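Peer 1: Below: sequence and its predicted model.
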Amino acid sequence: MKRRTFLASGAFATAAGFFPRIAGAQSTEAVTLQIDGAAVPFYAPIYVAQEKGLFAKNGLEVRIVYAAAADIMRNVAAGNVQFGFPNGDAVIAAKANGLPTKVVHTTYQRGIGATLFKTSKNIKSFADLKGKTVAVTSLGSPNYLQLQVGLKQAGLKLDDVNVEVIATGAIVQALQADKVDAIVFSELRRYNLEAEGVQVGMISSNDFLPSFGNVVVTGDRYLQSNPKAVSGFNTALSEAIQWVIDGHVDEALAIAIDKHAQTWKGQEAVLKRAFTDSFIPSIWQSSLTKQKGIGAADLSAWQKNIDILAEYKVIEKGFKAEDLVIQPSDIKA
């Protein structure tokens, strides 16, 4: 597959009003990172990079703000913020709508969507969902698409199950109270349920629908004119992830909770299990990252994700993954 290198563009370098301000006498560049949703401990590597000075070491002063994924993509494309950290589905949708953005760090190597159910329901595969009640958070959500694809691959249709829409804040409780037989939601909620004594089974959506959780995005113009800043951001984030992997989960969670997500205090044990059982072995790392480094992109998996979203009319038409996704190693300052 053709590799591309992005070099600084003199034309863009003179574009008035486009560059973020330069802070301080040491030419540290001030940038804004807009993260999907709200502050949660799962974003710990970003908080570590900030608190441990890894962004500063790479020449960046990073301001963190939060927004919905669609707003992040619009702001990144317009140059209102330099970096975004939305989920992969939102990025693909934005690209399909013509927003000039790039994925520059595939932080989550896979999606974290999953079908969760109590083991007492005797569900082993999607075929066992026939006639059962399955909850999703909305009919436009990624988890609704995951349900459709999973059923189709099992030879079933939506009419073969009873679909209920339950709000994000209540869907786990619905499963726990046996109001539904299964939910299509985040695999991370399994740890909360098991901590409360619920025996939970799980089918990972990524097994049949490759997708990606949070990834780093930037605008096409910013990438072309500021490759050093983009490369520095990626380096800092990868170093922070590696630091957590190398035995600092407890400290990373303390930073995340004490500095950014105080409402999660008291849930450290559940979070630690999510980090050690999901994030470290298979969300941040993969066979690809062991070869090419943290943040590397599996373009074939991205392409399959795009093609399925087009097939199910989530996006109007597909496009080439290489038009959206960049390997971090291809960004040269």
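Peer 2: Happy to help now that I have it.
Peer 1: Over to residue 315: give its phi and psi.
Peer 2: Backbone torsions of residue 315, given as degrees, to the nearest 10, read phi -120, psi 160.
Peer 1: Residue 297 too?
Peer 2: phi -110, psi 130.
Peer 1: quick one, what contacts the closest residue in space to it that isn't next to it in sequence?
Peer 2: Leaving aside its chain neighbours, residue 297 sits nearest to residue 106 (4.2 Å; criterion: C-beta to C-beta, 6 or more residues apart in numbering). Glycine gets a C-beta too; all of them are placed from N, C-alpha and C. Applying C-beta atoms under 8 Å, 6 or more residues apart in numbering to residue 106 gives the contacts 212, 215, 295, 296, 297, 298, 302, 325.
Peer 1: What about residue 168, how many residues nearby?
Peer 2: Residue 168 is flanked by 12 other residues according to other C-beta atoms under 10 Å.
Peer 1: can I assume it sits in a strand?
Peer 2: No - counting by DSSP: H, G, I helix; E, B strand; the rest coil, one finds residue 168 to be coil, located in no strand.
Peer 1: Next one: it from residue 254, what distance?
Peer 2: Plainly put, residue 168 is 26 Å away from residue 254 if you go by C-beta to C-beta, to the nearest Å.
Peer 1: ok, now residue 213?
Peer 2: 23 Å.
Peer 1: cool, and residue 160?
Peer 2: Separation of residue 160 from residue 254 (C-beta to C-beta) stands at 47 Å.
Peer 1: do the same with residue 167
Peer 2: The value you get for residue 167 to residue 254, if C-beta to C-beta is used, is 31 Å.
Peer 1: next one: residue 163
Peer 2: Distance of residue 163 to residue 254, computed by C-beta to C-beta: 40 Å.
Peer 1: Same check on residue 98?
Peer 2: Residue 98 is 42 Å from residue 254, by C-beta to C-beta.
Peer 1: who has more neighbours, these two?
Peer 2: residue 254 (16 against 8).
Peer 1: what helix or strand does the more buried one sit in?
Peer 2: helix 249-259 (DSSP states H and E).
Peer 1: In that helix, which of the residues would be classed as buried?
Peer 2: By neighbour count with 16 or more other C-beta atoms under 10 Å, helix 249-259 contains the buried residues 249, 252, 253, 254, 255, 256, 257.
Peer 1: between those residues, which is closest to residue 136?
Peer 2: residue 256 (28.3 Å; C-beta to C-beta).
Peer 1: and that closest one, what does it touch?
Peer 2: Taking C-beta under 8 Å, 6+ apart as the criterion, residue 256 is in contact with 39, 40, 41, 43, 44, 47, 48, 264.
Peer 1: For the stretch 201-333 of the chain, just list every one of the strands.
Peer 2: Along the stretch 201-333 of the chain, counting by DSSP state E, counting those that start in this stretch, strands occupy 216-219.
Peer 1: So, low pLDDT: which residues of it?
Peer 2: For the stretch 201-333 of the chain, not a single residue meets the criterion pLDDT under 70.
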